[in-house]
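1. got a sequence here, can you build the structure:
(2 chains)
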2 protein chains.
Amino acid sequence: MDIRAHVICVGNEILLGHISNTNAEYISRKLSSIGVKTSRHISVPDEEDTIIHAIRESLCNSDIAVLTGGLGPTVDDITLECISKALGRKLIPRKKVAEHIKNNFKKRNLSMPKNNLRQALIPEGALPVLNNIGTAPGLIIPVQGKTLDRKVLVALPGVPFEMHAMLDKAIIPFLKKTFKPGVTIKSRVIKITGLPESRVNEKIRDILNIKGNVQMGIYPHPEEITVKITVTEKNEKLADASIVKIEKKISSRLKKHIFAYDNEKLEEIIGNLLVRAKKSIALAESCTGGLLANRITDIPGSSRYFKMGVVTYSDESKNKLVSVPAGIIKKYGAVSKQAARLMAKNIRLKAGSDIGIGISGIAGPGGGTAKKPVGLVYIALSSKTKTICGKFRFLGQRRIIKYKTTQAALNMIRLYLLRK
Amino acid sequence: MDIRAHVICVGNEILLGHISNTNAEYISRKLSSIGVKTSRHISVPDEEDTIIHAIRESLCNSDIAVLTGGLGPTVDDITLECISKALGRKLIPRKKVAEHIKNNFKKRNLSMPKNNLRQALIPEGALPVLNNIGTAPGLIIPVQGKTLDRKVLVALPGVPFEMHAMLDKAIIPFLKKTFKPGVTIKSRVIKITGLPESRVNEKIRDILNIKGNVQMGIYPHPEEITVKITVTEKNEKLADASIVKIEKKISSRLKKHIFAYDNEKLEEIIGNLLVRAKKSIALAESCTGGLLANRITDIPGSSRYFKMGVVTYSDESKNKLVSVPAGIIKKYGAVSKQAARLMAKNIRLKAGSDIGIGISGIAGPGGGTAKKPVGLVYIALSSKTKTICGKFRFLGQRRIIKYKTTQAALNMIRLYLLRK
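-> Numbers count the residues shown, from 1 in each chain, chains lettered A, B, ... in the order given. Next up is the predicted model:
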């Protein structure tokens, strides 16, 4: 039987849109890893009635309710009172928790404000989980009753790194032991580029429709489509086998449009390919303004293959740094096949690298014309034997166009290295 | 009377913890800005019954329900069907929407898969909002009935940058006009750099404790602290007055550590300062690998002041591109005050710009020594009259160190231009 969880996040700042609610994501990912499915995320403001209602509702509709936020020492923090009222349990001062909080202040050479002792008032029957980073304890509250059987309410502080530590060390092991979910949930992400979402969809429609213990998803990103396979199986071995089977099918249809799996990034993939091929690279960027160099150098150890980059943001700098003659720019324009090809070739020669990349385009919002609209980009790749150049037209805002251009450039490098 | 909204996010990927739900945050922030309070965020999986239930529940308990996700062209995308069932309204093919989708493909020189036409099936009575980036239209659905009066259901695609554009341009103006919220919620963000969070806290603790119709928040970011003032008032004038009063207090205590307000970014601030001072800039980056050039060129119109950038990722390139003699590198190291100063000066001379920036440091994870640990960074600024150089030590992972370095460099440029 499925074990289902609800995640409740408490805090006005979430509903004002002041912070991104990363807690729900983190908790669900961890619950997934032990075979617990999250069936709802709910975020509510710091209002007593609303919190009480959310707790009761979640305990009715799930086996596990994990709540974060509102456990701090200030008057805004009313989660403990709300749990007490929602479950009809008294708040009882707990000596062990109080001492832990006091010690926490002592360690940091700070005097403890009295307020913090409120955090040691724990609902009857709750198991406190001590907080080694902040002061608010977490709580595991087994809930049983006439209508509620084998349920657990978990309450954790909203500060992400405090919550993470407590969830990983105490909560997840406790839930795994208590609920013994009879299933393992495993996921695999397949990353695709060079095809629009609709085309990917067409090619693997039947696979995306697989149901049962498999959940398929397809998600668009700028110049990247991810396909996610999630399987629920009795054990890890079966789950792996099931994933591999589907993965192979997808792979046979999308072939080299697949560039990576799971958390791998395109810049990482080309890094690995460059290292393996013992090739080095240099860049001459115009409209991407250094983003390609930045992405490539995000990878630790990139200095092994990345020689140099130049950002030639003016006609003059195209001439000074990569010797694009003023005549070429006058005749064809700075955004032209001719300019991009020269940029690629000359940066390769200047750096003494195996590969040179030249990028010239119009990121917008200004600078577009009917003939050369915003989003028009030329990307050239020069090697010792030849120079190739692609013409692209990207849609979106300035930053998106920059990013899409780097995706296409990295993919060009990838395909070039694969062909070798 | 308060206008209340619910935000519903649809997608298995959210409940599996595969993606961070930034849509709910964005929507609530925008709703806040027109005086609409979000009273609940709900995320549900791609399951028909669950989505229908969430739509009905939200329409019962709020004036506005904003739903994102599930509007794509694939079989997973069942939001349109769910809306149709939840409201009892037929799906009707809409020519205008279909044409817009076809044109979108034409512009990109792609043939349209038949599936995409599913996105032109719109529930009866819905006002479509065309999507200029992707294909899924958004929907504004006025909902009236026996029990529902003057309510609106909004449906938007889940792809963040598509959703943002549609929300900003069409949905928010529509909701403001339709609901004329009786209160104004206004926020002001004050951005601070060059001080740690604890120091900012100390300096404005009493202000952070203001209560009543004012909500204060303080949030840490890499080399940046933001303080948020949120006030709820009867009208905009009162709200503004209230904000200005608090802002002045904070400003008098933090002075030039405040670098920007609201959505302004450091790179935008220095862009404005450069334009005003009629100064130009050029960059020689090592450990930041082009991130500084990328941030500066994220700003439209940056070609007016940004001349060129070089990414000197090897000792050789430091010599070739900015003439740092091998002897200097041998004597002091590539990561040294001496190298950074020369990089700044020589890129300025090469570019013929007013300001030159030289950055050299160790981004890690490898490459650190006891004397020169990971996170050690030198940032130099050269002008016609002098060259200054700062030594920094940043903590964190590679990408964080890169980012913090660019924050510090941009702040150095800012302070230099302010002093002028």
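2. quick check: A:Phe179 vs A:Val36, distance?
-> Using C-beta to C-beta, to the nearest Å, one obtains 7 Å as the distance from A:Phe179 to A:Val36. For the C-beta atoms, the positions are set from N, CA and C on the backbone; glycine is no exception.
3. what is in contact with these two at once?
-> A:3, A:63-64 (C-beta atoms under 8 Å, 6 or more residues apart in numbering or on different chains).
4. among the residues you listed, name the ones in helices.
-> In helices, judged by DSSP state H, none of the shared contacts of A:Phe179 and A:Val36 are found.
5. quick check, central residue of chain A?
-> Most central in chain A under C-alpha atoms, centre = their mean is A:Asn263, positioned 8.4 Å from the mean C-alpha point.
6. name the nearest residue to that one, sequence neighbours excluded.
-> Nearest residue to A:Asn263 in three dimensions, chain neighbours excluded: A:Val189, at 7.6 Å (C-beta to C-beta, 6 or more residues apart in numbering or on different chains).
7. C-terminal to the helix or strand encompassing that neighbour, what's the next element?
-> Using DSSP states H and E, A:Val189 sits in strand A:184-192. Downstream of strand A:184-192, the first helix or strand assigned by DSSP H and E is helix A:197-203.
8. check whether that following helix contacts chain B.
-> Yes - using C-beta under 8 Å from any C-beta of the partner chain, helix A:197-203 comes into contact with chain B via A:197-199, A:201-202.
9. for the residues you listed, which one is nearest chain B?
-> Within those, the smallest distance to chain B is 4.2 Å, found for A:Ser198 (C-beta to the nearest C-beta).
10. what is the burial count for the residue nearest to that closest one when sequence neighbours are not counted?
-> The shortest distance from A:Ser198 to any non-neighbouring residue, by C-beta to C-beta, 6+ apart, is to B:Pro113 (4.2 Å). The number of residues packed near B:Pro113 is 17, by other C-beta atoms under 10 Å in any protein chain shown.
11. what sits against B:Pro113?
-> Here B:Pro113 is in contact with A:198-199, A:201-202, B:73 (criterion: C-beta under 8 Å, 6+ apart).
12. identify, from these, the entry nearest to B:Gln119.
-> B:Pro73 (5.7 Å; C-beta to C-beta).
13. per-residue confidence at the residue nearest to A:Ser198?
-> pLDDT, B:Pro113: 79.
14. before we move on, what about the one 10 residues further on?
-> B:Pro123 is assigned a predicted lDDT (pLDDT) of 94.
15. so it makes contact with B:Ile83?
-> Yes - using C-beta atoms under 8 Å, B:Pro123 is in contact with B:Ile83, at 5.3 Å.
16. do stretch A:407-420 and chain B come into contact?
-> No - using C-beta under 8 Å from any C-beta, stretch A:407-420 stays clear of chain B, with a minimum separation of 13.0 Å.
17. quick check: mean pLDDT across that stretch?
-> On average, stretch A:407-420 scores 96.
18. please identify the buried residues of it?
-> A:407-417 (16 or more other C-beta atoms under 10 Å in any protein chain shown).
19. in helices, which of those fall?
-> If you go by DSSP H, the buried residues of stretch A:407-420 have A:407-417 in helices.
20. just give me the closest of these to A:Thr312.
-> A:Ala409 (15.0 Å).
21. how close does the closest one sit to A:Ser360?
-> As defined by C-beta to C-beta, A:Ala409 lies at a distance of 11 Å from A:Ser360.
22. pull the strand holding A:Val189 out as PDB, backbone CA atoms only.
-> The C-alpha trace of strand A:184-192 is given here as PDB (Å, rounded to 0.1, in the frame of the first residue of the first chain):
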ATOM      1  CA  THR A 184      11.400   2.100  -3.800                       C
ATOM      2  CA  ILE A 185      10.900   5.100  -5.900                       C
ATOM      3  CA  LYS A 186      13.700   5.800  -8.300                       C
ATOM      4  CA  SER A 187      14.100   8.500 -11.000                       C
ATOM      5  CA  ARG A 188      16.200   9.000 -14.100                       C
ATOM      6  CA  VAL A 189      16.500  12.200 -16.000                       C
ATOM      7  CA  ILE A 190      17.300  12.200 -19.700                       C
ATOM      8  CA  LYS A 191      18.500  15.500 -21.200                       C
ATOM      9  CA  ILE A 192      17.900  16.300 -24.800                       C
END
